[in-house]
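J.: model the structure of this input:
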Amino acid sequence: MTLKDIQELIKLIAKTEVSEFKYKDEQVTLHIRGKSYNPVSTPGAAAPAVPSIINVPTPTLGQGYAPAQQPPAAAPAPAAAPAPAAAAAAGGTEASDESTNTANLLEVKSPMIGTFYRSSSPDKPVYVKVGDRIAKGDTVCIVEAMKLFNEIESEVAGKIVKVLVEDAQPIEYDQPLFLIDPS
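T.: From the prediction side, this is the model:
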């Protein structure tokens, strides 16, 4: 992504009613806030008059852009059972009655930022529920992003053990959505 591309993106966002835009790849991390941005955490705060960019790497001679600087890493987290910690932090909506060994559970994660929906419309049944067996490639939910409804397919096969997200809840990129028992 060139500086000209970034400038065109800023102009496009300034002309639309997009409140916030995030983009990340191996070389560039962008976070642009438009005119209609209103932070939820501080009610009554004035929105910025122009879009702002955060964490744009500086160009280097002959190499395009340098990778974004990462903050120094904290002490390494223990490697024991990351899935249960993620499930507890997410406050899941459904739980299995079985006592499943959580160490071998796999996560279906969101490939994008958006709004999570368990079914294609409010009057339709949910795609999957706790106890269902799914195959690799089965649609498990929908994520709405910028008025586009994206069907999310499972990258693993197994049995749904827990749904980690409420219906119609905003979700982040790479957020765990489901816990799957692959056995």
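J.: following the lowest-mean-pLDDT helix or strand in the chain, which helix or strand shows up next?
T.: Scoring the helices and strands of the chain by mean pLDDT, DSSP states H and E places helix 82-90 at the bottom, with a mean of 42. Sequence-wise, the next helix or strand downstream of helix 82-90 (DSSP states H and E) is strand 106-109.
J.: sheet partners, orientation included, of that following strand?
T.: Within its sheet, and counting by DSSP bridges, strand 106-109 is paired with strand 176-181 (antiparallel).
J.: domains for the chain, by residue range?
T.: 3-65, 85-181 (automatic domain parsing).
J.: what residues of stretch 161-172 count as buried?
T.: Val161, Lys162, Val163, Leu164, Val165, Ile171 (16 or more other Cβ atoms under 10 Å). (C-beta placed from N, C-alpha, C; glycine too.)
J.: could you tell me the model confidence score at Asp34?
T.: You called it Asp, but residue 34 is Gly. pLDDT recorded at Gly34 is 71.
J.: next one: Lys147
T.: 89.
J.: tell me the contacts of it?
T.: Lys147 makes contact with no residue, according to Cβ atoms under 8 Å, 6 or more residues apart in numbering.
J.: summarise which helices and strands the biggest helix by length in the chain is packed against.
T.: Assignment by DSSP state H gives helix 3-15 as the longest helix of the chain. In this structure, helix 3-15 makes packing contacts with strand 29-33, judged by 3 or more Cβ pairs under 8 Å, 6 or more residues apart in numbering; DSSP states H and E.
J.: parallel or antiparallel, list what pairs with the strand it packs on.
T.: strand 20-24 (antiparallel), strand 52-53 (antiparallel).
J.: closest to Ala135 out of those strands?
T.: Ala135 sits nearest to strand 20-24 of all the strands paired with strand 29-33, at 30.4 Å, using Cβ to Cβ.
J.: tilt between that closest one and helix 3-15?
T.: Going by axes from the mean of the first three to the mean of the last three Cα atoms, to 10 degrees, strand 20-24 is angled at 160 degrees with respect to helix 3-15.
J.: would you mark the buried spots in strand 20-24?
T.: Buried-residue list, strand 20-24, by 16+ other Cβ under 10 Å: Phe21.
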